[in-house]
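Engineer: mind looking at a prediction? Sequence and model below.
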Protein chains: 2
Amino acid sequence: MKRDNRLSVALHVLLHLDELGDTVTSDRLGPMLGMNPVVLRRTFAGLRDAGLLTSGKGHGGGYALARPLREIPLSAVYDALGLAAPFAIAPRDPDATCLLERAANDHLQAALDAAEATLRARLDAVTVADLAAAARALAPAHLAHRGPAAPPPDPELP
Amino acid sequence: MKRDNRLSVALHVLLHLDELGDTVTSDRLGPMLGMNPVVLRRTFAGLRDAGLLTSGKGHGGGYALARPLREIPLSAVYDALGLAAPFAIAPRDPDATCLLERAANDHLQAALDAAEATLRARLDAVTVADLAAAARALAPAHLAHRGPAAPPPDPELP
DNA sequence: CGTCACGTAACAATAAAAGTGACGTGAAAC
DNA sequence: GTTTCACGTCACTTTTATTGTTACGTGACG
């Protein structure tokens, strides 16, 4: 089963954009992340359309944050990427005529919906700035120069 | 993103095995489900190893339930299939050296873990027999000949 | 002992994602 | 105004995962 890691990549990029505080080109970002620049540009299209980052052409062009990380909940990034569904499993035929299959699929779908709601609640409760703060907490010596750190987010909510 | 529907298929088969109350060969099941018999046998290997169904060779062989549906929570089927992870998204590199990436991946993984816990709780709370009851509730006229129906499971828990 | 059906391995076909090259467009630099 | 840069996007290739298919061994039943 192949898993999509665009969300992970997007968060990583947003954090680096904030750290650099500058516009960065996809040609620089590609090697940094070990990805093809074209693939990155494809991924960023959604983030740009969602207003999370800006893109500029020509000299001095590239990508930059459109707003502070504190105003970007993880769920906004999740939505911006337009991931069809977060699950690797799904009912075989949501509109099956067989009643037995229907009953199975209906309950399976309900369970998946509940799980997705949990995921979304988690992503809603944390901003990208919280991740930056968590990173600073991991290595206070190196990166403790970006303003007062917010209290590290509770790493394990109930 | 490709989604796995083996869980849906497995539940469907278990329900039909119960309805037929007999051993069924993969060559009969394949066309019924629009799947290749070999693929079904591959899928059933896990269910057999987990003790959910029995398989017999030769004349009169095929697959049959190893125990009543009431003793099979959906989570047992889920586990028996050995689905690596229920999610289509994942951190890009769980052991990243970049602290920013680490922070992002750690939180993403925690959110995914929470969602999986929700999914598992749902699958634990329902047995395959509950699905059969739900199917009977959908069409009381047709299939109401398999004993008294349990109350239909609450379709939307909090 | 012949047939049936599982269990598996090896291989082909298919499909999805990623990588690649090319080109148009707008913006800045010169 | 022309050159250079970098995005945006298309078309195409490569890669990888899953599924389908064929084949064959093994045990069970008649």
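Structural biologist: Received it, and whenever you're ready, just let me know what you need. None of the values given here were measured: they were computed from a predicted structure. Numbering: from 1, shown residues only, chains lettered A, B, ... in the order given.

Engineer: got the residues of chain A near DNA strand C?
Structural biologist: Contacts of chain A with DNA strand C, taken as CB under 7 Å from any atom of the strand, map to A:2, A:4-6, A:34-36, A:38-39, A:56-61. Quick note: C-beta positions are derived from backbone N, CA and C, even for glycine.

Engineer: among those residues, who's most crowded?
Structural biologist: Neighbour counts for the residues of chain A next to DNA strand C, by other CB atoms under 10 Å in any protein chain shown, peak at A:Arg6, which reaches 20 neighbours.

Engineer: farthest pair within the residues of chain A next to DNA strand C?
Structural biologist: Longest distance between any two of those is 38.3 Å, between A:Lys2 and A:His59; criterion CB to CB.

Engineer: pLDDT weak spots in chain A?
Structural biologist: Filtered on pLDDT under 70, chain A yields the residue ranges A:84, A:94, A:139-158.

Engineer: identify the residue nearest A:Asp49 in space, chain neighbours excluded?
Structural biologist: Nearest non-adjacent residue to A:Asp49, counting by CB to CB, 6 or more residues apart in numbering or on different chains: A:Ala80, 7.2 Å away.

Engineer: ok, that neighbour - how many residues close by?
Structural biologist: By other CB under 10 Å, 22 other residues sit near A:Ala80.

Engineer: which element is it on?
Structural biologist: helix A:74-81 (DSSP states H and E).

Engineer: quick one: that helix near DNA strand D?
Structural biologist: No - Helix A:74-81 is not in contact with DNA strand D by CB under 7 Å from any atom of the strand; minimum separation 13.2 Å.

Engineer: what's the distance between that helix and the middle of its chain?
Structural biologist: 5 Å (CA atoms, centre = their mean, to the nearest Å).

Engineer: all strands of chain A, in order?
Structural biologist: Listed in chain order, the strands found in chain A under DSSP state E are A:53-56, A:62-65.

Engineer: all helices of chain A, in order?
Structural biologist: For chain A, applying DSSP state H gives helices covering A:6-20, A:26-33, A:37-49, A:74-81, A:99-124, A:128-138, A:140-143.

Engineer: compare the ones you listed and give me the one nearest B:Ala66.
Structural biologist: Nearest to B:Ala66 among the helices of chain A is helix A:99-124; the distance by CB to CB comes to 18.5 Å.
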